[in-house]
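Undergrad: with the sequence up front, the predicted model follows.
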Amino acid sequence: MDAGRLLHDLFFDYTLRTVALGAMALGTVSGTLGAFAVLRKQSLLGDAISHAALPGIVLAFMLTGAKDPLILVLGAAIAGWIGTLGVMWIVRQSRLPEDSALGIVLSVFFGVGLVLLTFVQREPTASQAGLNTFLFGQAATLVMEDVVVIAGLGSVALAVVALFWKEFKLLAFDREFGGSLGIGMRRMDVLLTTVLVVAIVIGLQTVGVVLMSAMVVAPAAAARQWTDSLGVMVMLSAAFGALGGVTGAVASSTTTGIPTGPAIVLAVTLVVAVSLVFAPRRGLAWEWVRHRRNQQQVRTGAILTDLYALARQHTDRGHGHPVAVLEAMDAKRGGVRRTLAVLEGDGLAKREADDSWSLTAAGEQAALAAIARRNPDDG
Amino acid sequence: MTRIDVEIQLIALVAAVACALPGVYLVLRRLALMSDAISHTVLLGIVLAFFVTGDISSPLLIVAAAATGILTVALVESVHGTRLVKQDAAIGLVFPALFSIAVILISRYAGAVHLDTDAVLLGELAFAPFTRLEIAGRDMGPRTLYVMGSVLLLNVAFIVTFYKELKLSTFDAALAASLGFSPVLLHYVFMGLVSVTAVGAFDAVGSILVVALMIVPPAGAYLLTDRLRWMIALSALLGATAAIAGYWMAWLADASIAGSIAAIAGAQFLLIFLLAPKRGVIAQTLRRARQRVEFAQLMLAIHLLNHEGTPEAERESRESELHDHLRWSPEFVQRIVRLAERGGIITRDGSGRLFLTPAGRAAARGAISA
């Protein structure tokens, strides 16, 4: 399918438009809340919440017998919320580390969900088949009604974040200070976690239980690389989430045999990879460039100093010093010829004879500067 | 009970113990969620090895799965090693990505064969006995039982052989390194073992139950004992009982066996969490309440000692005044005075004035000078 056709379908094809809208909405919401989760080192809470939601979904279905998205999401949210409180309770009341608490809640809640699921599957009602999509997510099953639920609950979640922006910021960076200002930090913690639960459960039908955690972690981890400001990070994270959501959803609904959840996850993972490598200042590529530049500077500095030291033993400035001598003085470093070529290009050294070199006037200044840099205390 | 019932229980039991053993170290080393990550990413190894061999029962699948487990650990550590993301975020980035690749490969290229993601995630213990191991045409029992049995033996052998090294590198990695062990090497070998265990177990019980069996019993055992040996033994015991009880719960309720085992393991943990003799919630609450009362009695004794022989003693040593001076509620004062009297710390004369007994005075002095 060519790009123009895809763009056309994106706006006018019902299924594709629905799927893309749903994925975009959930990417925005999970990206926003994920930023806080990642900053608060709660990256894996999302994993626990999404698994813990399963019994809630199944129970909601068993009690109402309906597959109304709002009711299923409500069930998921209640179970996910109880699971989160369970994690907090275990961590506070015992010496178990947080990751163990997450593992316990995740696996036990999911196990209970499985037991309940076997009850549902025994019922002859055909509609229960749809519950399976919650495991892996199937965006193709999204209808406008689902998108309305995602967007509606998502907007509430975003509104809460906007309303309590300052409090959540304090919660993420300086909880004690917030407490000293008289803000109930414990209540804010529960509120933020509740909103995170909402952000996660609205994505389950699209991305699935297993992969929803990536929607929380990945956009935020990518956004973190580009900025040090919370506001910018949240915006970027939401944008990355939306981008990943649309890309994955479109890839999955235009290619056969690619489930939505994995496609979305790979799309946001790609954003993370690019961010880790290329983000200005923090990125690995810049780090590499910086490292190379430092190395080069150390090398040229050493050669300049050596040449200067040699020149001081001779009266005539133009006296050439053989490369072999320089190599002996700088035995560990190597690359002497290459560095000399660089220095010549910069007009700091000049070639006197075949293999012997001297400093130019500018080179002498540079050597003095390099010596001063190396021994800053010598004045 | 039919033979199939016995076989299922045996498989569950062996899988539970095999998972609980490495689980102890995962809990202690704060790597609990690595089990979640590995139990998902081994799928990638299985898929890739399946594409190469075309044989779902090839032993190469287990080797490849273990390799992806180690790859997962290495990837998480190298992403974390860039210092650009925290460790929990690194886990949350790596395993969904690898798992996604596996799911896409399966649904695109292996749709027709027995590699279905539902079964991987959920597992179906009830079907495990149907794949038999036959040697020279003779039925030797369920194949999974042999696989899990070997994994169990491997785990026992590893832990027995490297007990000291594991213990040291778990509790003091720096000391282990300075004594000349390589905690890093041991770490990777151990994570390879976790991967092999996960792969053997998830075939039978599903990847989520692998997490339940690896983390929940050791977490419970950790609340019951401070000794590593006991923790290992208790974890195995808790896992084994959860497996058997879970089987019977599933049988009674006609529900998923894997889910029931996880649910029972959760119930076990909840009971331990609440009732554990020293670290349980109830024991801790009681201990705190008791300490509060003991501390209050000591405060009362110190208060009386402070005013002993001074002009204010007459006023300060009356029960009716205490709640104001110590800022306690009148009911609390009453309770503490009663307990202190009964405990022989104070006495009271006819007018209601409180006096320290010699024992009470000694206790108050001891507390001040300490």
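TA: That came in fine, so what should we check first? Numbering: from 1, shown residues only, chains lettered A, B, ... in the order given.
Undergrad: from here on, contacts and neighbour counts on C-alpha atoms
TA: Fine.
Undergrad: contacting residues for B:R315?
TA: Contacts here follow Cα atoms under 8 Å, 6 or more residues apart in numbering or on different chains; on that basis B:R315 touches B:E321.
Undergrad: please determine how far it is located from chain A.
TA: The gap separating B:R315 from chain A is 38 Å, by Cα to the nearest Cα, to the nearest Å.
Undergrad: where along the stretch 201-350 of chain B do the strands fall?
TA: Taking DSSP state E, counting those that start in this stretch as the test, the strands found in the stretch 201-350 of chain B are B:346-348.
Undergrad: got a pLDDT number for the nearest residue to A:P69 once chain neighbours are set aside?
TA: Distances taken as Cα to Cα, 6 or more residues apart in numbering or on different chains place A:D146 nearest to A:P69, at 6.1 Å, with adjacent residues excluded. pLDDT, A:D146: 85.
Undergrad: what helix or strand is A:D146 on?
TA: In this structure, A:D146 sits in helix A:144-163 according to DSSP states H and E.
Undergrad: list the buried ones in that helix?
TA: Across helix A:144-163, burial judged by 16 or more other Cα atoms under 10 Å in any protein chain shown covers A:146-151, A:153-155, A:157-158, A:161.
Undergrad: give the burial count for A:G86, as a bare number.
TA: 16 (other Cα atoms under 10 Å in any protein chain shown).
Undergrad: likewise for A:E364?
TA: The number of residues packed around A:E364, counting by other Cα under 10 Å, is 19.
Undergrad: got the contact list for it?
TA: A:304, A:308, A:348.
Undergrad: tell me the spacing between the residue nearest to A:P69 and chain B.
TA: Taking Cα to the nearest Cα, one finds A:D146 at 24 Å from chain B.
Undergrad: can you give me the distance of that residue to B:V14?
TA: 44 Å (Cα to Cα, to the nearest Å).
Undergrad: kindly report the same for B:G92.
TA: Separation of B:G92 from B:V14 (Cα to Cα): 30 Å.
Undergrad: one more: A:V149?
TA: Distance from A:V149 to B:V14, by Cα to Cα: 45 Å.
Undergrad: which residues sit against the strand or helix carrying B:I62?
TA: Here B:I62 sits within helix B:60-81, counting by DSSP H and E. The contact list for helix B:60-81 (Cα under 8 Å, 6+ apart) reads B:34, B:37-39, B:41-46, B:48-50, B:53, B:85-87, B:90-91, B:94-95, B:188, B:191-196, B:199-200.
Undergrad: same check, this time on stretch B:131-145
TA: The contact list for stretch B:131-145 (Cα under 8 Å, 6+ apart) reads B:7, B:10-11, B:14, B:128-130, B:200, B:203-204.
Undergrad: residues of stretch B:273-290 that come out buried?
TA: Neighbour-count burial for stretch B:273-290, with 16+ other Cα under 10 Å as criterion, is recorded at B:273-276, B:279-281, B:283-284.
Undergrad: re earlier: most widely separated two among the contacts of stretch B:131-145?
TA: B:V14 and B:F130 (17.1 Å; Cα to Cα).
Undergrad: can you select the buried ones from the contacts of helix B:60-81 in PyMOL?
TA: Buried members of those, defined by 16+ other Cα under 10 Å, are picked up in PyMOL with:
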select buried, chain B and resi 34+37+38+39+41+42+43+44+45+46+48+49+50+85+86+87+90+91+94+95+188+191+192+193+194+195+196+199+200
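Undergrad: buried set for stretch A:181-191?
TA: Neighbour-count burial for stretch A:181-191, counted by 16+ other Cα under 10 Å, picks out A:183, A:185, A:188, A:191.
Undergrad: farthest pair in these?
TA: Every pair of the buried residues of stretch A:181-191 checked by Cα to Cα; the farthest is A:I183 and A:L191, at 12.7 Å.
Undergrad: list the contacts of the helix or strand containing A:A324.
TA: If you go by DSSP H and E, A:A324 is part of helix A:323-329. For helix A:323-329, the external contacting residues (Cα under 8 Å, 6+ apart) are A:303, A:306-307, A:334, A:336-337, A:355-357.
Undergrad: what element comes up after it heading to the C-terminus?
TA: Going down the chain from helix A:323-329, the next helix or strand is helix A:336-345, by DSSP H and E.
Undergrad: quick one: distance of that following helix to the chain centre.
TA: 41 Å (Cα atoms, centre = their mean, to the nearest Å).
Undergrad: cool, stretch A:230-248 as well?
TA: The chain centroid and the centroid of stretch A:230-248 are separated by 10 Å under Cα atoms, centre = their mean.
Undergrad: return the set of buried residues in it.
TA: So stretch A:230-248, judged by 16+ other Cα under 10 Å, has buried residues A:230, A:233-248.
Undergrad: stretch B:216-228 too?
TA: Of all the residues in stretch B:216-228, those buried under the rule 16+ other Cα under 10 Å are B:216-225, B:228.
Undergrad: state the next helix or strand along the chain beyond the helix holding B:I62.
TA: That would be, after helix B:60-81 and using DSSP H and E, helix B:87-109.
Undergrad: got the residues of the stretch 1-150 of chain B near chain A?
TA: Counting by Cα under 8 Å from any Cα of the partner chain, the stretch 1-150 of chain B comes close to chain A at B:27, B:30-33, B:36, B:82, B:84-86, B:88-89, B:91-93, B:96-97, B:99-101, B:103-104, B:107-108, B:122.
Undergrad: show the model's pLDDT score for residue 233.
TA: As the question left the chain open, I've gone with chain A. For A:M233, pLDDT reads 95.
Undergrad: my bad, chain B
TA: B:A233 is given a pLDDT of 96.
Undergrad: was I right to think A:P55 contacts A:G113?
TA: Yes - assessed by Cα atoms under 8 Å, A:P55 is found in contact with A:G113 at 3.8 Å.
Undergrad: the bottom helix or strand of chain A by mean pLDDT?
TA: Comparing every helix and strand of chain A by mean pLDDT, DSSP states H and E singles out helix A:133-136 as the least confident one, with a mean of 67.
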